[in-house]
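Asks: here is my input, please return the structure:
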Amino acid sequence: MDPHSGRPDDLAAPEPEADAADETKAPARIPRPPREPAPVFGGETLWPEGDTGGTTRARVVQVVAGDFLLTVNPVDGSEVVQCPPEERRAPVRRSAQDRLRQAEARRPQQPPGPRAPELPLLERDEERERLIRLLARGRSVRVTGPSGAGRSSLLDVVAEACADLAPDGILRLSGYRRTSADLLQDLFTLVYETDGYRPDRPAALELLSDVGAIVVLDDLEFGGAALEELLNAVPECAFLITATPDVAAPASDSLIEEVFLPGLTRVACLALLEHVVERPLDEEEAAWAADLWFESEGLPLRFFQAGALLRQRDVLRNPVEPGLEWDDSVWTSAPESGGPFDAEPAGRIPLPSLAESAAPAELLASRLSETAQQALDFAVALDGECPHPSHLPALVGDTHGDAALGEITACGLAVPVASHYRLAAGVRQQLSVGLSTETEDSARALAAAQHYTWWTGHPSVAPERAAGEAETILAAMAACRDAGHPSNAVLLARTAAPTFAAALHWSAWERALRIGQESARLAGEVAEEAYFHHELGVLALCTGGLDRARAELEASIALRGALADRQGTLVGRRTLALVNDRFSGSTVLTPAVAGLEIPGTGPDSHLAASTAPQDAYDPPVTVISKRLAAGGAPAAPRSVRTALANPRRNLLAAGAAAALAAIIGTVVTLGSSAGGSENRNVPNNVKPVESAQPDDQNAGLPADQQTSDGTTSSTKPSATPSKGSTPTTAGAVPVKSGKPGGSSSTPSTGTQTSPSTVQTSRPPASTGGSTGGPPDSPSTTPSASDSSSASTSPTATSTETTTPPTTTTGGTTP
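Replies: Model prediction:
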């Protein structure tokens, strides 16, 4: 099996020789290109032990990405190390002829088969002159128009006229499925010989800063800030861009000019239709074309397809003479030779209806050959991406299937985009119902995935060749996953992803890894899912996404650890260590914070950052400590994060400190309260003062508790307090001041307290708490009875100190 043509070697039959008469009558056809020689793969090919190159093989390629040396290993996962000095690449600038060859190699070649008529550029002189004037003044222009309006044709004419305006000439790029970083790398590849080198953004900007050219960018898919970023990357270049109206507009302050491309007038559309059918139109056809112009708004592509309908109608009305050898093109089909459709008598074939003219894809496809219809089915199953003509013989099962794409493009069902062909706008939607079913699409997606798995992994296919068909491969991968064959999608992703990485087509590499990771999850293949997580982490590291790289690598290490994959875990840990080194090495030291330690900058602070709320307030960071050296001098400056490196981490650290302080305060308060409650049970503590009992209550007391004069041991208050004493209410015991300047009240007749009974007066206590004091003067909280007394007394509650009182009878105690 030849990997380039997709045709078995024993089925490669030579082309039949046609005589001179047939060459004069048959239409012009593009000959099939010769088979390309097998390219030499620049990387290392690893053969398993005991294998001679017939089965499993792994290719290891080393490329330089910025400051890293990337080793693409399809087995255990790619590895990244700091690029040693001897591996660093020095880009060499290409010559003008070399740049032209590179640009032409990226454009799709005309497929073999019937040649499509070349269309003139009608009613575009005004737009053409305006674009040339703007580019001559160094202005960038964006041409906006719907699909099928002729944007690419206008671009080719303007580029040819402006070839000598810039020192570096014309640089052609395609924005189809490309990001700003991809276009910057494509521009660098056009100007410099890369040789496995992809510079980081600062290096690329420096190398492209002096490039002065007109960059022709077709099918751009982004705008806004990303477009401004691309324009500012090469300030000495003028851009000529085309985009559809649904693409985001440039920024409001952008200096790019906008040119809208409308449809053609009715007269121009009729002239274009006559050019396609290569004959004048009759009255019926002119009226039919007028209705079509009103419905299609004058889009040139619609009239190109309408011309294909009229040409097929002419073939049906005027079949070729018997005896001509059958050709697989619709334009020379005949009923005697077994063509795809039967010819009708002249004059009985009506014109297509207005509905068929508005959506002509199904009618056009029904009149194509069987091989071309099968090729269309594959394009529909692959989301509109047409396989390369070299793959069609293996996909459709016909040795001459490479001519099918020529039939499809000759009737306007497929158009060139980037480096391949794709179904025209609206064709896939029109064909998705009429040509195939969901089951058939699933089978075709599976067949395409299996074919591209074999072709991409073949050692003779260079990474650049596989990257040129990346869109078709990715479409087969996604279609196979969505059709219920995730294991086959995993196998294709595992084969194609390292190839895209080696070709430095990193957007395709990332998309293949994403599809492979999702397919592995659906299929339950944990080992493959770990591999894709690892590769995504490597890609994020090479592009500067350290946070995403750490997350992907940690997920890969966890999965491989669960599978006891020692080698894969070791590779992942080495890469994760490099990520951690980049984290520590990416910190910035400023003179204002040199030698200071800022919170939230520890090695594990990133874990808390993921839980911070999105709308959290970012407070200013406060320096909490300053380290000093052993001799008292400030410590040597060390690399720390700036105050604004990650304010969410600082906020989280401050919140945690506040919560910890609150918890400690609560514990201390509860401990103090518990200690005070326990002290109340000690006998020597202060107790509430009891009210004096009335005299008549003495009768109910035991004899040993009564005094000789008939009173209780409690003293009665004096009716009139002495000077300097504190007035009390009834039931309160008069106190004797223990402080200098205090006074004592007059006790009741015949009764006096002993010296051991001492009462102290103090200021009013705070409500709801105890008053602290020295250890030798304990205090206690008043009881309920004391509280009631305090409410009627102008003074504070008196408290009793020392031991319980003792009474004496008769006289006074010295």
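
Asks: OK, contacts around Ser153?
Replies: Applying Cβ atoms under 8 Å, 6 or more residues apart in numbering, we find Ser153 in contact with 119, 121, 300. In short, each C-beta sits where N, CA and C put it, glycine included.

Asks: if you set the cut-off to 6 Å instead, what comes out?
Replies: Applying Cβ atoms under 6 Å, 6 or more residues apart in numbering to Ser153 gives the contacts Leu121.

Asks: from Pro202, how far off is it?
Replies: According to Cβ to Cβ, to the nearest Å, Ser153 stands 38 Å off from Pro202.

Asks: and for Asp156?
Replies: Taken as Cβ to Cβ, the span from Asp156 to Pro202 is 34 Å.

Asks: got it, and Pro108?
Replies: As for Pro108, its distance to Pro202 is 34 Å (criterion: Cβ to Cβ).

Asks: now Ala149
Replies: Ala149 sits 39 Å away from Pro202, going by Cβ to Cβ.

Asks: give me the more crowded residue out of the two.
Replies: Higher neighbour count among Ala149 and Pro202: Ala149, with 24 against 9, using other Cβ atoms under 10 Å.

Asks: from memory that one sits against Leu261, does it?
Replies: Yes. Assessed by Cβ atoms under 6 Å, Ala149 is found in contact with Leu261 at 5.0 Å.

Asks: which residues touch Val216?
Replies: For Val216, the contact set (Cβ under 6 Å, 6+ apart) comprises 155, 159, 170, 172, 240.

Asks: could you redo the last one with a cut-off of 8 Å?
Replies: So Val216 contacts 155, 158-159, 170-173, 240 (Cβ under 8 Å, 6+ apart).

Asks: which of the residues you listed lies closest to Ala502?
Replies: Relative to Ala502, the closest of the contacts of Val216 is Leu173; by Cβ to Cβ it sits at 21.4 Å.

Asks: what's across from the closest one in the sheet?
Replies: Note on Leu173: beta-bridge partners by DSSP bridges are Leu217.

Asks: could I get the contacting residues of it?
Replies: Applying Cβ under 8 Å, 6+ apart to Leu173 gives the contacts 183, 186-187, 190, 215-218.

Asks: can you tell me which of those is nearest Asp246?
Replies: Asp218 (15.9 Å).

Asks: helices of the stretch 251-400 of the chain, start to end?
Replies: Using DSSP state H, counting those that start in this stretch, the helices of the stretch 251-400 of the chain run over residues 266-277, 283-296, 300-317, 354-358, 361-366, 370-381, 392-396.

Asks: please save the CA atoms from the longest one in CSV.
Replies: Yep, that's helix 300-317 we're talking about. C-alpha atoms of helix 300-317 as CSV (Å, rounded to 0.1, in the frame of the first residue of the first chain):
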residue,chain,number,x,y,z
PRO,A,300,-20.8,34.7,-7.6
LEU,A,301,-20.6,31.2,-6.2
ARG,A,302,-24.3,30.6,-6.6
PHE,A,303,-24.1,31.5,-10.3
PHE,A,304,-21.0,29.2,-10.7
GLN,A,305,-23.2,26.4,-9.3
ALA,A,306,-26.1,27.4,-11.5
GLY,A,307,-23.7,27.3,-14.5
ALA,A,308,-22.8,23.7,-13.5
LEU,A,309,-26.5,22.8,-13.5
LEU,A,310,-26.9,24.2,-17.1
ARG,A,311,-23.8,22.3,-18.2
GLN,A,312,-25.1,19.1,-16.8
ARG,A,313,-28.4,19.9,-18.6
ASP,A,314,-26.6,20.4,-21.8
VAL,A,315,-24.9,17.0,-21.5
LEU,A,316,-28.3,15.3,-20.9
ARG,A,317,-29.8,17.1,-23.9
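
Asks: and it, what does it pack against?
Replies: Applying 3 or more Cβ pairs under 8 Å, 6 or more residues apart in numbering; DSSP states H and E, one finds that helix 300-317 contacts helix 266-277, helix 283-296, helix 354-358, helix 361-366.

Asks: redo that, cut-off 10 Å
Replies: Packing partners of helix 300-317 (3 or more Cβ pairs under 10 Å, 6 or more residues apart in numbering; DSSP states H and E): helix 266-277, helix 283-296, helix 354-358, helix 361-366, helix 404-410.

Asks: which among those helices is found nearest to Val92?
Replies: When the helices and strands packed on helix 300-317 are compared by Cβ to Cβ, helix 404-410 sits nearest Val92, at 36.5 Å.

Asks: can you name the next helix or strand after the closest one?
Replies: Heading C-terminal from helix 404-410, the first helix or strand you meet, by DSSP states H and E, is strand 414-417.

Asks: can you list the strands that that following strand pairs with?
Replies: strand 420-423 (antiparallel).

Asks: pLDDT averaged over the strand it pairs with - what is it?
Replies: The pLDDT scores in strand 420-423 average 95.

Asks: and the following helix or strand past that strand, what's buried?
Replies: Where DSSP H and E defines the elements, the next helix or strand beyond strand 420-423 is helix 427-434. Within helix 427-434, the residues scored as buried using 16 or more other Cβ atoms under 10 Å are 427-428, 430-432.

Asks: got JSON lines for those, with distance to Pro463 and pLDDT too?
Replies: Formatted as JSON lines, those follow (distance: Cβ to Cβ, whole Å; pLDDT from 0 to 100):
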{"residue": "Val427", "distance to Pro463": "31", "pLDDT": "94"}
{"residue": "Arg428", "distance to Pro463": "29", "pLDDT": "93"}
{"residue": "Gln430", "distance to Pro463": "36", "pLDDT": "91"}
{"residue": "Leu431", "distance to Pro463": "33", "pLDDT": "90"}
{"residue": "Ser432", "distance to Pro463": "33", "pLDDT": "82"}
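
Asks: please consider this matter closed, and thank you.
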